[in-house]
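Asks: coordinates for the following, if possible.
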Amino acid sequence: MTAASPTIRAPRRRLPRVLAWLVATVVVLVAGGSVVWFTPSRFVPLMTRVAYVARGLETGAVQVQGRAWGYLAAGESANPPLLMLHGFGTSREAMMPMMPWVREESRCVAPDLPGFGRHPFHQGQDHDADWYAAQVIAFADAMGWRRFDLLGTSMGGAIAAHVAVLHPDRVGRLVLVAPAGVRAPEQTGFMERIG
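Replies: Prediction:
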């Protein structure tokens, strides 16, 4: 008996397939990156929605004096309401990182203030402190809140303080986070340089 001679196979041509796959992957990544870079308006809403879901946030809207106010919400509806006001140049999304910290004890609601986020500027209105305070109270009325806690950052902090001064019977707890227009009683050297 003779031993069978081994069969010699031709080497597979995998390299062209691997290179084609790599080229296709690079093209998809570059094209996708270009869409994100040059037209972020298509990408940002998707990523915003992903952030809402990841943080367990709800979206909603309520009519206030004939205008829709969109808002984010978190926490049980039975919890005491906490109205969260964002700062200048931002939107309701600026409140997202704080919501997980207070959602266990409060029903957190963060609207887009008029002129910011998805809430258009109210033509013909002076967007001053008194007007914003009246708008915040109208929003609380539309939500069915007689009394609510209030948290504001930057401009939202200034508005929240104004609301609390004008309507102390409506505001429970007041939390001001770096409120605009408020100076600390003691100024450090750093605060003096930047303020």
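Asks: show me where pLDDT drops low in this protein?
Replies: The chain contains residues with pLDDT under 70 at 1-15, 29, 31-43, 194-195.
Asks: and residue 47, what are its phi and psi?
Replies: In terms of degrees, to the nearest 10, the main-chain angles of residue 47 are phi -70, psi -30.
Asks: which stretches of the protein form strands?
Replies: 58-64, 67-74, 81-85, 107-111, 148-153, 171-177 (DSSP state E).
Asks: in a markdown table, list the ones you listed along with distance to residue 183 and mean neighbour count.
Replies: Bear in mind the C-beta positions are built from the backbone N, C-alpha and C, glycine included. Compiled in a markdown table, the strands of the chain are given as follows (distance: least, C-beta to C-beta, whole Å; neighbours: other C-beta atoms under 10 Å):
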| stretch | distance to residue 183 | mean neighbour count |
| --- | --- | --- |
| strand 58-64 | 32 | 14 |
| strand 67-74 | 30 | 20 |
| strand 81-85 | 20 | 26 |
| strand 107-111 | 26 | 26 |
| strand 148-153 | 16 | 24 |
| strand 171-177 | 12 | 16 |
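Asks: how about CSV for those strands, with distance to residue 119 added?
Replies: Shown next, in CSV, are these (distance: least, C-beta to C-beta, whole Å):
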stretch, distance to residue 119
strand 58-64, 10
strand 67-74, 6
strand 81-85, 12
strand 107-111, 7
strand 148-153, 16
strand 171-177, 21
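Asks: how about those, which one is nearest residue 17?
Replies: Closest of these to residue 17 is strand 58-64, at 45.3 Å (criterion: C-beta to C-beta).
Asks: what helices or strands is that closest one leaning on?
Replies: In terms of contact count using 3 or more C-beta pairs under 8 Å, 6 or more residues apart in numbering; DSSP states H and E, strand 58-64 is assigned the packing partners strand 67-74, helix 129-143.
Asks: including distance to residue 186, could the ones you listed go into TSV?
Replies: Shown next, in TSV, are the helices and strands packed on strand 58-64 (distance: least, C-beta to C-beta, whole Å):
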stretch	distance to residue 186
strand 67-74	35
helix 129-143	26
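Asks: which of the ones you listed sits closest to residue 108?
Replies: Proximity to residue 108 (C-beta to C-beta) singles out strand 67-74 among the helices and strands packed on strand 58-64, at 4.7 Å.
Asks: output the closest one as PDB, restricted to C-alpha atoms.
Replies: Extracted in PDB, the C-alpha atoms of strand 67-74 (Å, rounded to 0.1, in the frame of the first residue of the first chain):
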ATOM      1  CA  ARG A  67     -49.000  78.800  22.800                       C
ATOM      2  CA  ALA A  68     -47.600  75.300  23.100                       C
ATOM      3  CA  TRP A  69     -44.900  75.000  25.800                       C
ATOM      4  CA  GLY A  70     -42.800  71.800  25.300                       C
ATOM      5  CA  TYR A  71     -41.200  70.300  28.300                       C
ATOM      6  CA  LEU A  72     -39.200  67.400  29.700                       C
ATOM      7  CA  ALA A  73     -40.400  65.500  32.700                       C
ATOM      8  CA  ALA A  74     -39.200  62.900  35.100                       C
END
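Asks: fine by me, we can end here.
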